[in-house]
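Peer 1: Sequence and computational prediction follow.
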Amino acid sequence: MEMEEQDGFEGEEEGNGGILGPCLTSYVDPGTSESHRYYLARRTVLEMLRDRGYVVPNSEVELSLQDFRDLHGQNPDLERLRISTTLRSDPLKRILVIFCGPSVVKVHVIRSIAYQIVNKDTLGGLILIVQNHITAQALKAVDLFPFKAEIFQITDMLINITKHVLKPKHRILTDREKQRLLEKYNIEEKQLPRMLRKDAIARYYGLEKGQVVKVSYGGENEITESHVTYRCVW
């Protein structure tokens, strides 16, 4: 007796005569882990920039892994992964994102980056995505940049922490909103709960000392009860 075809696809037969689904190998990523890692990190960086108020096209954020590999290959050229964009509210403020290689980041790497950056006067910020540790001398060289320079490990950028289901919602208050908050409760900035600048959320949004964040917990169908608090960055 011939086995009938099941809706146009072939499966493997179980011992009891049933049909198994597609082979598990069909779910295995056939590409390199390197390209996948760069794809995830770059997507998170783009989302982070967008959340900070920079101009980021949706097409860039929504790029699929396959399209990324079609553009950059299985072993991406780090130069082509660079991102340069401006603030929506002030096109004169530009930020540059540079992906560093897998080697230890030494001072000559930072000097090379400084030499490569053109129009330094128009650059308002720099983000370095590193894959290894950065030496003390290299960190000192970074501090010499005339603009804010941030350093992230690529492993920290593989997921967007703000999208975690249990993570509360964060919104940065404007200076006016902050002043109204302090006046409403008749308190000083130092009396607010603190958030360190090295906190993952503070780093994600690029927050500076003195900025206040509204943190909203809970809501419908969530584990925690709904409430709001405010934290000041230190």
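Peer 2: Yep, it's here. Numbering: from 1, shown residues only.

Peer 1: For the helix ranked longest in the chain, name the packing helices and strands.
Peer 2: In the chain, taking DSSP state H as the definition, the longest helix is helix 33-51. Helix 33-51 sits against helix 58-61, helix 65-72, strand 83-86, strand 94-99, strand 123-130, helix 200-205, with contacts defined as 3 or more C-beta pairs under 8 Å, 6 or more residues apart in numbering; DSSP states H and E. C-beta here means a position set from N, CA and C on the backbone, and glycine is covered the same way.

Peer 1: Contact partners for the nearest residue to Arg52 once chain neighbours are set aside?
Peer 2: Excluding the flanking residues, the one nearest Arg52 by C-beta to C-beta, 6 or more residues apart in numbering is Gly206, at 5.6 Å. Neighbouring residues of Gly206 by C-beta atoms under 8 Å, 6 or more residues apart in numbering: Arg52, Gly125, Lys148, Glu150.

Peer 1: show me what contacts the third one?
Peer 2: It stands for Lys148. Residues near Lys148 by C-beta under 8 Å, 6+ apart: Gly124, Gly125, Leu126, Gly206.

Peer 1: which of those has the weakest pLDDT?
Peer 2: The member of the contacts of Lys148 with the lowest pLDDT is Gly124, at 91.

Peer 1: Counting neighbours, what do you get for that one?
Peer 2: 16 (other C-beta atoms under 10 Å).

Peer 1: Show me this structure divided up by domain.
Peer 2: If you go by automatic domain parsing, the domain ranges for the chain are 33-159, 162-233.

Peer 1: Tell me which of these sits most buried.
Peer 2: domain 33-159 (a mean of 15; mean count of other C-beta atoms under 10 Å).

Peer 1: Now do the end-to-end distance for that domain.
Peer 2: The first and last residues of domain 33-159 sit 15 Å apart, counting by C-alpha to C-alpha, to the nearest Å.

Peer 1: what does stretch 64-82 give?
Peer 2: End-to-end distance for stretch 64-82, by C-alpha to C-alpha: 18 Å.
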